[in-house]
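Peer 1: based on what follows, work out the 3D shape:
(chains A and B)
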Number of protein chains: 2
Amino acid sequence: MSKLSIVIALYPGVTHLDFTGPHQVLSRAPNAQVSVASMGGRDIEAEGLTFTGLADLKGVMRCDVLLVPGGFGCTDAMLDEDFMGEIRRLGGQAKYLTSVCTGSLVLAAAGLLSGRRAACHWAWRDLLTPFGAIVSEARVERDGDIITGGGVTAGLDFAFTLLAELAGDDYAEGVQLGLEYAPAPPFQSGRPELARPEVLARVRALMAQSLEGRTQAAVGAAARLQAV
Amino acid sequence: MSKLSIVIALYPGVTHLDFTGPHQVLSRAPNAQVSVASMGGRDIEAEGLTFTGLADLKGVMRCDVLLVPGGFGCTDAMLDEDFMGEIRRLGGQAKYLTSVCTGSLVLAAAGLLSGRRAACHWAWRDLLTPFGAIVSEARVERDGDIITGGGVTAGLDFAFTLLAELAGDDYAEGVQLGLEYAPAPPFQSGRPELARPEVLARVRALMAQSLEGRTQAAVGAAARLQAV
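Peer 2: Numbers count the residues shown, from 1 in each chain, chains lettered A, B, ... in the order given. Presented below is the predicted three-dimensional model:
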């Protein structure tokens, strides 16, 4: 039996942990092959790490799972018609449509989340709305065959959920043991409702610097989508 | 004020999540610069991802933090005298000596953990003993300026602990919020004492296939160390 194909679609300025966590988990699936692709197979610089030896997204004929990670580059990505064309093409035929963090904005901008529930990084999840997607505050959201994770580290919880779907609970539990995933965060600050008010205020102020640009990009991408 | 330098030392066959998680966290430190290095600056293939644009470990004059990740390649690494020479040189002068997963075996094989407590991946932690290190079952262990994490995903808990040490709790809490680190694993199987017996037995059987080779490598490296 041929293996399921999982394709991770990268773009410049992706947040690397959004996909390295899922890659580490999903590449241990016994019945799947993970490939990592970019436009033209070009190297991808991602917050200080550079990934090489990537597949060309245009050369990927089909996939069973499309995974789009998030990152500061997602707003440029959603305005890149060539890249978005590939996301639309592959996403339109994939059995599972998946994302981590602001990767869901890319799926939404490709017109793939209209009327569907999706998770996103907490700071940017409202940007799903212009695309007609339904905002979920879940760490891992499932709406039929659309499985999306929240911000960055939610990619791990997302990946074990997807692994269980693809290879069964028993197998996923074994990989979770192998990767020793019994998290013990030193602080309880990983969600807005958990963080101390002064920490939340500082991080919100930082994020606010990018809010206008990102909102404009989302609104622009949503307008294009309606013109398609 | 010059920034603290954090050097992540890679070798072929490293487990990528051991260092991508910490890299994502630590590269947001306001007062530190993270660089990723390998012997000769050569590209590193790590379980399906290839990293390029790396610094040459020999060209790194010094660092404040040395971080060694783990992986299936650690046994070859600990028998590679050139690589181990660089680990010994940089580790001997670093303010903080750190590792994730079986990276602690590499530090131990460099003679840097004698009589010190260190964490390691649960399946391999007994291999610390031939080097005179003291096995810790903690997810993040601190013995003075030696801070070590358990298996793979423990790298995240380790990294936030180290970030708090370098940049303060307030800052680390903010990064934890930014990376949305409020984990919610789908299964409770991430440690041997948590996993279902049949899952544990299956994973142990898998690991057992590598146990003899790894034990021989550790014993061999320990013998060399005593000859130094």
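Peer 1: how about the strands in chain A?
Peer 2: Listed in chain order, the strands of chain A (DSSP state E) span A:4-9, A:32-38, A:44-46, A:49-52, A:55-56, A:65-68, A:96-99, A:117-118, A:134-135, A:140-143, A:146-149.
Peer 1: and these, which is most packed in?
Peer 2: Sort those by mean neighbour count, taking mean count of other CB atoms under 10 Å in any protein chain shown, and strand A:65-68 sits at the top with a mean of 29. Any C-beta I mention is one placed from the backbone N, CA and C, and that applies to glycine too.
Peer 1: partners of that strand, with directions?
Peer 2: Applying DSSP bridges, strand A:65-68 is found paired with strand A:4-9 (parallel), strand A:96-99 (parallel).
Peer 1: now those strands in JSON lines, with mean pLDDT?
Peer 2: As requested, the strands paired with strand A:65-68 are exported to JSON lines (pLDDT from 0 to 100):
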{"stretch": "strand A:4-9", "mean pLDDT": "98"}
{"stretch": "strand A:96-99", "mean pLDDT": "98"}
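Peer 1: sorry, back to before: export the strands of chain A to a markdown table and tack on distance to B:K58?
Peer 2: A markdown table is the format used below for those (distance: least, CB to CB, whole Å):
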| stretch | distance to B:K58 |
| --- | --- |
| strand A:4-9 | 33 |
| strand A:32-38 | 29 |
| strand A:44-46 | 24 |
| strand A:49-52 | 20 |
| strand A:55-56 | 32 |
| strand A:65-68 | 37 |
| strand A:96-99 | 40 |
| strand A:117-118 | 47 |
| strand A:134-135 | 50 |
| strand A:140-143 | 43 |
| strand A:146-149 | 39 |
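Peer 1: check what pLDDT A:Q209 gets.
Peer 2: A:Q209 carries a pLDDT value of 89.
Peer 1: low-confidence ranges, chain A, go.
Peer 2: The model of chain A has pLDDT under 70 over residues A:1, A:228.
Peer 1: scan it for its longest helix.
Peer 2: helix A:197-227 (DSSP state H).
Peer 1: which helices and strands does that one pack with?
Peer 2: Helices and strands touching helix A:197-227, by 3 or more CB pairs under 8 Å, 6 or more residues apart in numbering or on different chains; DSSP states H and E, are helix A:74-78, helix A:103-109, helix B:169-178.
Peer 1: pick the most buried one from those helices.
Peer 2: Taking mean count of other CB under 10 Å, helix A:103-109 is the most buried of the helices and strands packed on helix A:197-227, at a mean of 31.
Peer 1: contacts (any at all) between chain B and that helix?
Peer 2: No. For helix A:103-109, no contact with chain B is found by CB under 8 Å from any CB of the partner chain; the gap never falls below 13.1 Å.
Peer 1: against which helices or strands is that helix packed?
Peer 2: Using 3+ CB pairs under 8 Å, 6+ apart: helix A:103-109 touches strand A:65-68, helix A:74-78, helix A:81-93, strand A:96-99, strand A:117-118, strand A:146-149, helix A:197-227.
Peer 1: what comes into contact with it?
Peer 2: Contacts to helix A:103-109, defined as CB atoms under 8 Å, 6 or more residues apart in numbering or on different chains, come from residues A:11, A:18, A:67-70, A:74-75, A:77-78, A:84, A:87, A:91, A:97, A:99, A:113-114, A:118-120, A:124, A:127-128, A:131-133, A:146, A:148, A:218, A:221-222, A:225.
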